[in-house]
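Trainee: Okay, here's the prediction I keep looking at, along with the sequence it came from:
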Amino acid sequence: MGDLNEAAVSLRQFCRQTERVTVKMASSSLAILQSEAKVNGLTEELLNLCSSFIAAKCHSSSLMQTILKCMIPKYTVPDDVVRCVLKWVHRNVRNVNLAVLCALQWVAGLIEFGLADEKPVNEYYYMFHLLMEWPRTENIACWLVVRLTKPDDIDRNMVLKFTSNVKAKKSVRDIVLWCYKTYKPECVPEAIAARSIKSTLKLSAYFKYYFGMSHQRIANNESFKVTHDRQNQLDFIWKVPERKKRRIENPIPEVEYINFGSKLYQEKKVSILQINSWKMFATLALQIDIPCNAVSLVQNPIGHHVLACGDENLQTRFSYTLLNLLQNVVIDRLVKVSMENQEHLLEKVCEFQEYSQQGIPFMSKFVATYLVFWDGLTFLSQLMRLLPWITFSSFGELKSLFLVHLYYVYISSNTMVKCSILRALLQLAENLILKSYSVVESLFRHPPLLDNAEDILNELIKYIQSLCVLGLNFEPGSAVLIHEVLRLYEILLDVEERAGLNVRSVLPPAAVYFSLFSRNYGNIERVCGLLLKYDASIGIQRSLQIQVPGGAKLVKKYSCDYINFLWRMQAMSESKKGFIFKGVEPDAFAPVENVDKAFNVMECIPLISVYRKHGDTEEGLKNFIRELRTLAPNIFNFIKHNLHNTVQS
Amino acid sequence: MDADRLTTSRGGSALKGSRRKSLRMTHWTDGFNESLQDTLEMFINRGWELFQCSPLFGYSTQVNPSKYTLTLRNHCAQMDEEDEDVEYKVQFNCMDKVGYRGIDTIIKVEVRKVNEEEEDIQIYLGYFMSWGTRKLSSEFYVVPLLLFRAKTAKIRNHIHTGFRKMFDCIIEPYFLGDIQLIWLNSLFVSVSKDARDERSNVVRFTLLPTWTNQDKLELFVSLSDLRKVWARIRSTNDTIFYEESRRLYGGLIRSISEKLGINLSGFRIYEIKYPDVTIKSSGKLACRNVETLHELLTFLFNEKARAIYALDGSFWEDSDEEF
């Protein structure tokens, strides 16, 4: 640091002295500056110092070049410094030498890496035009002109002058004319060949490297993030295409725009990349320009909204391209995409479906195609999210396209997969109920109508019931599965009540009796709760015409059995009124003598049996009942209700 | 042999339409016209690569084609080429109302490169085609087949990215599985013509094992023998059934494996070469005969049209529906 100060001081001295300064004299201090610039970049103060040095003393080319090499900024370059350099160029414009080229490269590099404002450079726009005539600087001047041109700068006179000017090289002229043509094609009616502009910007490796470092410093610095880094303010992330070549890693295309024709004559529309918050979206919703790939809108909730409320054209485009994409990526595997990216794509589509709260026909087609060879493990969570939204027009279609394959996966997988399948089917049933019994407007393309909603629902619930029973039979001791089945029926009952249906689905016997003998009072409690609710619906049955498939008789049998097993200790003796031991002789349990007592379930439940043991006396019984009331209120209510009933009858 | 992914042992595929049962051949004599011959003449005697393309949106013949050429040219100019001064010339041509029933569309795209020495080289020539009997949509162009020749893979990728941006379509390779190649085999047996030279009237099948890329198996069968066997197997002149095709190919495989003692069930077909038509499973094809080409294009189009058309219809597709 000490050296740096000394170097700065000596430079100031050079500025003040009146004699000519040669490279040798200033070399030591300049060398120090250069090494500092390479490592850390110069601060604004030092840059200002350099610029005043240029203004005062730089007359030779080599000195200018050395100084320019020092002027690598730490973060950004202030406007005055840029102006100073350009003034120097202006002074030497008739005498183009290496230093001028170096200065131009410096300015171009600053703009390319975003280290300086374009305003001071704009002031020298016409000077760059002049510089295009010199062989050394034509390329870089051409790049600068193309970069800085605005549509207002172009008119026919200028174009004519330009084309008649023979001094510049043909390729350079072609590039500039092509640029003009894209802005105002009517000013340039001649046919112009398209050339690549990349060959014109040949920055020296030195500037490229060190400006790159400055750029990196800016990106890393926190205090710049507020003004310079727009991305961090966004609630939503859009993928913008990178400059370099990339392989297809992400199947979702990036948001890009393409213009056919002159930018000036298109309607002023807002690019969707500029939207960072819902508020902004709400104000600009009608002016949004659709990107060239409809599928790229799937990345974001805002994109979902645009898609769901878009017009027919956009939705058709989206459907076809998405289906093709899914077919190629997931089913045919024509494009090598990693599993994470495939999962990401499917998740985004799931989110879109959930946003529009509606099944989309082509997604069902994809699911149907994929289920045929699904192995039950890949994309499990995504498929389970997609399943509730599938569309179909009859139960036969649903069964043969979807349910059959789910069945095979169900019986061959473990408990977790079984539970997820049951949940997904439950959600499907819920969606059906909501859709048929209340009118829901569909935003996206209209799915096929269901002709017999009630029948389909009944069949579906029967199917779900058979799956539950099958699962319970395969895994009799599984606590998770019992819980899942009970939960399913609780939710189903709730939905049916709320939707005002006149059907109530009743637990299958497997669930009821597996819970009874599962030695877990939680299960028994839930079943008791359900039985109470069924009783209540049957009570209202006559007035509201509620049907209970399997009949009210089945529910009565369940209740009988429960009360006998739990309270009355009459499991065997009253078996005729129940379900499970009907027609079974007491001899079937041969070694056991008192079957009733053996099947006293209360004593087998770990927690409750402790209280039951003391329940033989009057006092003990009261205590027990009190405990039961707090511990398992549903069981208490159930017993109370049924005792009351039987007392009556 | 069931290398096709949609067949499982779980009792048939769900989508009946994905396994067609029959294929109806068009008789050349009815509906034949000069323009059809002219159109197909462009493709004869050259090798083509086959890709599939989703429907094109945003392409309309009302718009001045110079808009598309300009955009594609600008896109080409961004190719990471060497720093030469090269110029690109692009041409778009749309031919409507061509084809067997006069309702097909062919869009021709040609890209040429002119470098400093004024040498004009064609770097890409592509034809977007539909080749069916029914117009699938009037709002956008359904042209699922893309036949093209491109100089290098880089050029091809770059130009296809350009199409993707301009027309919002997805362009992917058209991979032909075993089942499709078996269909095509029986099609060629019925339709293809003899070579001029009697001795080269031979059909070559190239089979690749599925477990390695290094080895390959080439079978040479005489065309007249194949024709005799086929004449015995097939039942009608108009229609080819899937069972018959399988029997033809299966019989061939079985006779060879019996004679040589090789188990050919782990092999998949890579290439089928008839005297006048060659087709590879990766989608490269070459044809020397207009009629065979017509049948081939109809088959390829129908395979893809099913996926596109059934989007609006129900899932129960008639498996033999022709498009």
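Mentor: Received, thanks. Numbering: from 1, shown residues only, chains lettered A, B, ... in the order given.

Trainee: Which residue ranges of the stretch 201-323 of chain B form strands?
Mentor: Assigned by DSSP state E, counting those that start in this stretch, the strands in the stretch 201-323 of chain B fall at B:202-209, B:217-222, B:239-241, B:267-273, B:277-280, B:284-287.

Trainee: Dump those strands into TSV; add mean pLDDT and mean neighbour count as well.
Mentor: In this view, the C-beta of every residue, glycine as well, is placed from N, C-alpha and C. As requested, the strands of the stretch 201-323 of chain B are exported to TSV (pLDDT from 0 to 100; neighbours: other C-beta atoms under 10 Å in any protein chain shown):
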stretch	mean pLDDT	mean neighbour count
strand B:202-209	87	18
strand B:217-222	88	12
strand B:239-241	83	18
strand B:267-273	89	20
strand B:277-280	91	20
strand B:284-287	90	19
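
Trainee: Select, out of these, the one closest to A:Gln17.
Mentor: strand B:284-287 (77.1 Å; C-beta to C-beta).

Trainee: what residues does the closest one touch?
Mentor: Strand B:284-287 has contacts (C-beta atoms under 8 Å, 6 or more residues apart in numbering or on different chains) with B:43-50, B:276-279, B:293, B:296.

Trainee: and which of these is nearest chain A?
Mentor: B:Leu50 (12.8 Å; C-beta to the nearest C-beta).

Trainee: part of a helix, is the closest one?
Mentor: No: read with DSSP: H, G, I helix; E, B strand; the rest coil, B:Leu50 is strand and lies in no helix.

Trainee: So it sits against B:Gly283, correct?
Mentor: Yes: because the distance of 3.8 Å satisfies C-beta atoms under 8 Å, B:Leu50 is recorded as touching B:Gly283.

Trainee: Mind listing the shared neighbours of the two?
Mentor: Joint contacts of B:Leu50 and B:Gly283 (C-beta under 8 Å, 6+ apart) are B:Pro173, B:Tyr174.

Trainee: and of the strands of the stretch 201-323 of chain B, who's closest to A:Ile538?
Mentor: strand B:239-241 (58.6 Å).

Trainee: Which strands and helices lie in contact with that closest one?
Mentor: For strand B:239-241, the elements it packs on are strand B:22-24, helix B:178-191, judged by 3 or more C-beta pairs under 8 Å, 6 or more residues apart in numbering or on different chains; DSSP states H and E.

Trainee: What's the first helix or strand after the shortest one?
Mentor: Spelled out, it's strand B:22-24. helix B:34-41 (DSSP states H and E).

Trainee: burial measure for A:Phe373, as a count.
Mentor: 15 (other C-beta atoms under 10 Å in any protein chain shown).

Trainee: pretty sure it is in a strand, no?
Mentor: No: counting by three-state DSSP, A:Phe373 is not found in a strand; it is coil.

Trainee: Next, work out how far apart it and B:Gln180 are.
Mentor: Shown here: A:Phe373 relative to B:Gln180, a distance of 18 Å by C-beta to C-beta, to the nearest Å.

Trainee: Please apply the same query to A:Lys38.
Mentor: 62 Å.

Trainee: Looking at these two, which is more packed in?
Mentor: B:Gln180 (18 against 15).

Trainee: which residues does the more buried one contact?
Mentor: Counting by C-beta under 8 Å, 6+ apart, B:Gln180 has contacts B:Phe299, B:Glu303.

Trainee: Let's see that with 10 Å instead.
Mentor: B:Asp4, B:Tyr174, B:Ile269, B:Ile279, B:Ser281, B:Phe299, B:Leu300, B:Glu303 (C-beta atoms under 10 Å, 6 or more residues apart in numbering or on different chains).

Trainee: ok, and of the residues you listed, which contact chain A?
Mentor: Among these, the ones lying near chain A by C-beta under 10 Å from any C-beta of the partner chain are B:Tyr174.

Trainee: And the contacts of B:Gln180, which is closest to A:Ala219?
Mentor: B:Tyr174 (43.5 Å).

Trainee: Which pLDDT value goes with B:Leu311?
Mentor: B:Leu311 carries a pLDDT score of 53 in this model.

Trainee: gap between the two ends of stretch A:124-139?
Mentor: End-to-end distance for stretch A:124-139: 17 Å, by C-alpha to C-alpha, to the nearest Å.

Trainee: roughly how far is it from the heart of the chain?
Mentor: Distance, stretch centre to chain centre, for stretch A:124-139: 48 Å (C-alpha atoms, centre = their mean, to the nearest Å).

Trainee: again with stretch A:9-27
Mentor: 60 Å.

Trainee: average pLDDT for it?
Mentor: On average, stretch A:9-27 scores 76.

Trainee: Using PDB, write out the CA atom coordinates for stretch A:23-33.
Mentor: C-alpha atoms of stretch A:23-33 as PDB (Å, rounded to 0.1, in the frame of the first residue of the first chain):
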ATOM      1  CA  VAL A  23       7.700   6.000 -20.600                       C
ATOM      2  CA  LYS A  24      11.000   5.300 -18.800                       C
ATOM      3  CA  MET A  25      10.400   8.100 -16.300                       C
ATOM      4  CA  ALA A  26       7.000   6.900 -15.400                       C
ATOM      5  CA  SER A  27       7.600   3.200 -15.800                       C
ATOM      6  CA  SER A  28       8.200   2.300 -12.200                       C
ATOM      7  CA  SER A  29       5.100   3.900 -10.800                       C
ATOM      8  CA  LEU A  30       3.100   2.700 -13.700                       C
ATOM      9  CA  ALA A  31       4.400  -0.800 -13.000                       C
ATOM     10  CA  ILE A  32       3.200  -0.600  -9.400                       C
ATOM     11  CA  LEU A  33      -0.200   0.600 -10.600                       C
END
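
Trainee: Right, I'll call it a day here.
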